[in-house]
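A predicted structure for the sequence below; I have some questions about it.
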Amino acid sequence: MPELPEVETVRRGLQPVMEGARILKAETRRADLRFHFQPDFVKRLQGQTVTGLGRRAKYLMADLASGDVLLMHLGMSGSFRVIKADDQNSPGEFHHPRGKDAAHDHVLFRMSSGADVVFNDPRRFGYMKVIARDALDREPLLRGLGPEPLGNAFDAAMLAQSCAGKKTSLKAALLDQRVVAGLGNIYVCEALFRAHLSPKRQAAALAGRKGEPTDHAKRLVAAIHVVLNDAIRAGGSSLRDHRQTSGELGYFQHSFRVYDREGEPCRTAGCGGVVRRFTQNGRSTFWCPKCQK
DNA sequence: CCGCGGGCCTGAGAGC
DNA sequence: TGCTCTCAGGCCCGCG
């Protein structure tokens, strides 16, 4: 599911049951997701109080009282469910859900708040890792991540600077987590549409002769802000996998202007164009060739 | 260093 | 019904 708005939605769903609560019991149901779990993974979690639940790019980060941080990434198909105490079928054991879906429940936490937190991930591109907080800045998974798109450090000047001289397309540049961290295929397409910029345009076009931000860069940053904030407000986008931790669907997919709308009319007032799809760097790009220049 | 294509996994949906 | 093919919200790696 997960781009920044979906991960942020998950964070907000988990926060009330995890923050300030203790992990009474942790369980992994297979040896690996994308990577093998660390040998001491469960041991470093069990008994720990979660002092805070944050997000960096598409990572969730649970701060533990021990000084460790639990890093969680949802990959392509990862999701969390919160199962309230009332719905647990046996107090000592983890909830056993029905259906084939249960085969992909890979990590479970019983929290002292009374809830079970269950991580499900059919494709297993997701992963979890426990690292010491004072080693965060050396963590290879996080090193090199660019600025948070909704943070203060991300503005037109910064975007222009990191795109200056880039031969690659705007689409590829925005998908590059070193340039800006948290966008994925949906929100890149949607932001480019809202900025009326072609996904084929060279990334270098965001910077002027001296590296100063062009109007394009300013438009793009504004569009990224708007689309991410709107999507977070809607609880993210539910296409296949994404649900809020409560099971409710996000509804930003109803606000897509180009993503997954191949052949449908452009939603720019008075444009009259048709949304097209093509492949860039192995991923589908959706855009309106008439109003994105 | 940079940009691209392949690979990692499973499941859903289309077409036959 | 069932087979085969394509595609999917991410990211790492190796190649040129």
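Happy to help now that I have it.

so which strand or helix has the residue nearest to A:Phe278 when sequence neighbours are not counted?
In space, and not counting its chain neighbours, A:Phe278 is closest to A:Thr285: 5.7 Å by C-beta to C-beta, 6 or more residues apart in numbering. For glycine as for every other residue, the C-beta is placed from the backbone atoms N, C-alpha and C. According to DSSP states H and E, A:Thr285 maps onto strand A:283-287.

Just list the residues touching the residue nearest to A:Ser113 when sequence neighbours are not counted, thanks.
Leaving aside its chain neighbours, A:Ser113 sits nearest to A:Ala21 (3.9 Å; criterion: C-beta to C-beta, 6+ apart). Going by C-beta atoms under 8 Å, 6 or more residues apart in numbering, A:Ala21 touches A:49-50, A:111-113, A:115.

now the strand holding A:Thr285: mean pLDDT?
For strand A:283-287, mean pLDDT is 95.

and for it, what are the contacting residues?
Outside strand A:283-287, the residues that reach it (C-beta under 8 Å, 6+ apart) are A:171, A:175, A:185, A:189, A:192-193, A:198-199, A:258-262, A:275-279.

What subset of the residues you listed is buried?
Buried members of the contacts of strand A:283-287, scored by 16 or more other C-beta atoms under 10 Å, are A:171, A:175, A:185, A:189, A:192-193, A:198-199, A:258-259, A:261, A:275-276.

Helices - which of those residues land there?
The members of these that map onto helices under DSSP state H are A:171, A:175, A:185, A:189, A:192-193.

Return the nearest residue of chain A with respect to DNA strand B.
Closest contact between chain A and DNA strand B, by C-beta to the nearest atom of the strand, is at A:Arg123 (3.2 Å).

any idea how far A:Ser77 is from that residue?
Here A:Arg123 is placed at a distance of 4 Å from A:Ser77 (C-beta to C-beta, to the nearest Å).

and the residue nearest to A:Cys271 when sequence neighbours are not counted, what is it in contact with?
Using C-beta to C-beta, 6+ apart and skipping residues adjacent in sequence, the residue nearest A:Cys271 is A:Cys291, 4.5 Å away. Taking C-beta under 8 Å, 6+ apart, we find A:Cys291 in contact with A:196, A:266, A:268, A:271, A:273.

Could you confirm A:Lys25 falls within a strand?
Yes: counting by DSSP: H, G, I helix; E, B strand; the rest coil, A:Lys25 falls inside a strand.

so the residue found closest to it once you drop the neighbours it is linked to in the chain bridges to which residues?
Nearest residue to A:Lys25, sequence neighbours excluded (C-beta to C-beta, 6+ apart): A:Arg110, at 4.3 Å. Taking DSSP bridges as the rule, A:Arg110 bridges to A:Lys25, A:Asp116.

Can you give me the neighbour number for A:Arg110?
25 (other C-beta atoms under 10 Å).

Hmm, it is touching A:Leu24, no?
Yes: under the criterion of C-beta atoms under 8 Å, A:Arg110 makes contact with A:Leu24 at 4.7 Å.

before we move on, back to that, in a markdown table, list the buried ones among the contacts of strand A:283-287 along with distance to DNA strand C.
Compiled in a markdown table, these are given as follows (distance: C-beta to the nearest atom of the strand, whole Å):
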| residue | distance to DNA strand C |
| --- | --- |
| A:Lys171 | 11 |
| A:Leu175 | 7 |
| A:Asn185 | 4 |
| A:Cys189 | 9 |
| A:Leu192 | 14 |
| A:Phe193 | 15 |
| A:Ser198 | 19 |
| A:Pro199 | 13 |
| A:Val258 | 12 |
| A:Tyr259 | 8 |
| A:Arg261 | 12 |
| A:Val275 | 13 |
| A:Arg276 | 13 |
